[in-house]
Each structure stands twice: as C-alpha cells, then as structure tokens.
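1. Test case, fold it:
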Amino acid sequence: MSSYKELLAQREQLDKQIKEAIQREKADGIAKAKLIIEQYNLTASDLFSRKAGAKSGGKVAPKYRNSATGETWTGRGKAPKWIEGRDRSNFII
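-> Next up is the predicted model:
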C-alpha cells in the first residue's frame, strides 16, 4: 500500500498531466474549428446566432388601459394597483 506522501506526489504528477492534456486537446480543437470556419467561410453570426423563441428584448404592446388616467399595462409582470382585484375585461384595449 502506498503512503500518504507517495499518493500526494502521484496526484501532483496526474494534475500536471491533466493540465498538459487539456492544453493539447484545446489547441487541437481550435485548429480544427479554424479549418472548418475557413472551409465554409463562416462568420460569428453563423456560429452564434440566436435560437428561435429567444427573448428579443422588444417592447410588448399594452393590453389594458385605465380610462380615468390613461395608464396602460401589458398584462405581464405584477399588476398595477388600478387593475388589482378588478375584472380585467373592463380595461382591455
């Protein structure tokens, strides 16, 4: 059976080998990716385009209006006080 110090030395050697393998494999992966990018004339937008259904960050049209004040609400998030507890169908735009 190995001693504690021998096991620590083995772990240090393994950690070093792991780091070297990561660097080597990362470099290989980058080289392969560069070849594919050049081969197909890919751009950053080709590689990192947004998926369908992703948030666009655009504004949403209001769905409800307070006729007394003209305030509007989209129906998303916390309801404003002027519509809380009331029948929302009375405020639909």
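2. Against residue 32, how distant is residue 80?
-> Distance of residue 80 to residue 32, computed by CB to CB, to the nearest Å: 54 Å. No exception for glycine: its C-beta is placed from N, CA and C like everyone else's.
3. Outside of the least confident helix or strand in the chain by mean pLDDT itself, list whatever touches it.
-> For the chain, counting by mean pLDDT, DSSP states H and E, helix 44-47 ranks last in confidence among helices and strands (a mean of 86). The contact list for helix 44-47, computed with CB atoms under 8 Å, 6 or more residues apart in numbering, reads residue 37.
4. how close does the residue of the chain positioned farthest from its centre get to residue 16?
-> What lies farthest from the middle of the chain is residue 1; by CA atoms, centre = their mean that is 47.9 Å. Counting by CB to CB, the separation of residue 1 from residue 16 is 24 Å.
5. Count the neighbours of residue 33 for me.
-> Residues near residue 33, counting by other CB atoms under 10 Å, number 12.
6. ditto for residue 16
-> 10.
7. what's the answer for the one 3 residues further on, then?
-> Burial measure for residue 19: 10 neighbouring residues, criterion other CB under 10 Å.
8. Likewise for residue 75?
-> Residue 75, neighbours per other CB under 10 Å, totals 15.
9. Contacts only, for it.
-> Contacts of residue 75 by CB under 8 Å, 6+ apart are 63-64, 88.
10. where's it relative to residue 91, distance?
-> Taking CB to CB, one finds residue 75 at 10 Å from residue 91.
11. what residues do the two have in common as contacts?
-> Joint contacts of residue 75 and residue 91 (CB under 8 Å, 6+ apart) are residue 64.
12. Which helix or strand contains residue 37?
-> helix 4-40 (DSSP states H and E).
13. Show me where this protein dips below the pLDDT cut-off.
-> 51-57 (pLDDT under 70).
14. per-domain residue ranges of it.
-> Using automatic domain parsing, the domain ranges for the chain come out as 4-47, 58-93.
15. Please identify the buried residues of the shortest one?
-> Using 16 or more other CB atoms under 10 Å as the burial criterion, the residues of domain 58-93 that qualify are 64-65, 73, 83, 91.
16. Take the residues you listed and keep only those in helices.
-> With helices taken from DSSP state H, there is no overlap with the buried residues of domain 58-93.
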